[in-house]
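Chemist: structure for this input, please:
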Amino acid sequence: MARRDCPLRADRDETGGAMTQAHERRADATRQRLIAAASRQFANRPYSLVSLDDILAEAELTKGAMYFHFSSKQALAMAIIDDLTEMARVAALKLLARKMSGLETLIDLVFLRAVQDTQIEVARAGVRLLETLDNTTPLPPALWQSWIEFVTTLIQRAVTEGDVTDQHDPEDIAKMLVALWVGIRRTSNLDQPEHYLDDLQKAWLLVLPSFANPDRIDYFTQFIQRRHALA
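Modeler: The predicted structure follows:
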């Protein structure tokens with residue numbers, strides 16, 4: 001996903017001088033400090049209660065350094081969502097490369113993302129920001145839709161592999177599963193990861209019989225339990 005916060009002049013440094021490799025490295029380090037500081041703030045406090053001064057104090061940077069990279073608090077928040085999107089994309093590609101079945105890949109991805117939610121501040125902040133910015137920018141609805149489309153492709157694969165019945169529209173199943181995951185995340189305390197993962201496992205075990213091939217429920221029940229134990 002393209003960055004929305006790139007400086008107006010990519011060949012100038014934070015003081016307006018010509019960029020050298022050293023300046024570029026320093027500018028990138030500054031940008032990462034801002035994202036890390038903002039992620040720590042947004043991961044633990046609502047978007048509306050976090051000010052730019054809070055973020056700058058956390059990062060130990062000036063407003064000038066911040067405005068070189070980001071035009072506003074919202075632009076910084078959107079950059080965090082971009083990083084979350086890239087993190088999810090990389091995770092999905094790695095799992096797809098393992099050549100598991102469609103439903104195995106989906107279950108593995110959900111638990112992997114859950115672990116990231118509890119351990120990585122950018123992930124934790126990113127999903128919270130998606131919820132906060134849902135009604136103020138066009139990005140979150142589009143991103144939710146892209147996740148639904150990806151899950152739909154995995155469900156379609158699972159149908160052809162015989163793990164999911166063909167009695168329901170794969171997109172309807174995908175919408176239900178994405179909504180279920182988002183809902184569990186919103187109602188869970190991420191400072192208690194064991195409870196969050198327990199709730200996720202219970203939800204999967206409850207919903208599995210609604211779309212899985214009856215002959216495959218026992219296998220996937222055990223798969224879910226093993227994946228939960230590994231998380």
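
Chemist: can you find the helix or strand in the protein with the smallest mean pLDDT?
Modeler: helix 121-132 (a mean of 87; mean pLDDT, DSSP states H and E).

Chemist: and the next element down the chain from that one?
Modeler: Once helix 121-132 ends, the next helix or strand along the chain (criterion: DSSP states H and E) is helix 139-160.

Chemist: residues of that following helix that come out buried?
Modeler: Buried residues in helix 139-160, defined by neighbour count with 16 or more other C-beta atoms under 10 Å: 139-140, 143-144, 147-148, 150-159. The way it works is simple: take the backbone N, C-alpha and C, and place the C-beta from them, glycine included.

Chemist: check the offset of the least confident helix or strand of the chain from the chain's centre.
Modeler: 7 Å (C-alpha atoms, centre = their mean, to the nearest Å).

Chemist: repeat for stretch 98-117
Modeler: Centroid separation for stretch 98-117 versus its chain: 13 Å, with C-alpha atoms, centre = their mean.

Chemist: one more: stretch 151-166?
Modeler: So, by C-alpha atoms, centre = their mean, the centroid of stretch 151-166 is 23 Å from its chain's centroid.

Chemist: if we can go back for a sec, angle of the least confident helix or strand of the chain against helix 139-160?
Modeler: Helix 121-132 runs at 110 degrees relative to helix 139-160, counting by axes from the mean of the first three to the mean of the last three C-alpha atoms, to 10 degrees.

Chemist: which stretch of helix or strand covers G183?
Modeler: Assigned by DSSP H and E, G183 falls in helix 170-187.

Chemist: quick one: that helix to chain centroid distance?
Modeler: On C-alpha atoms, centre = their mean, the centre of helix 170-187 falls 14 Å from that of its chain.
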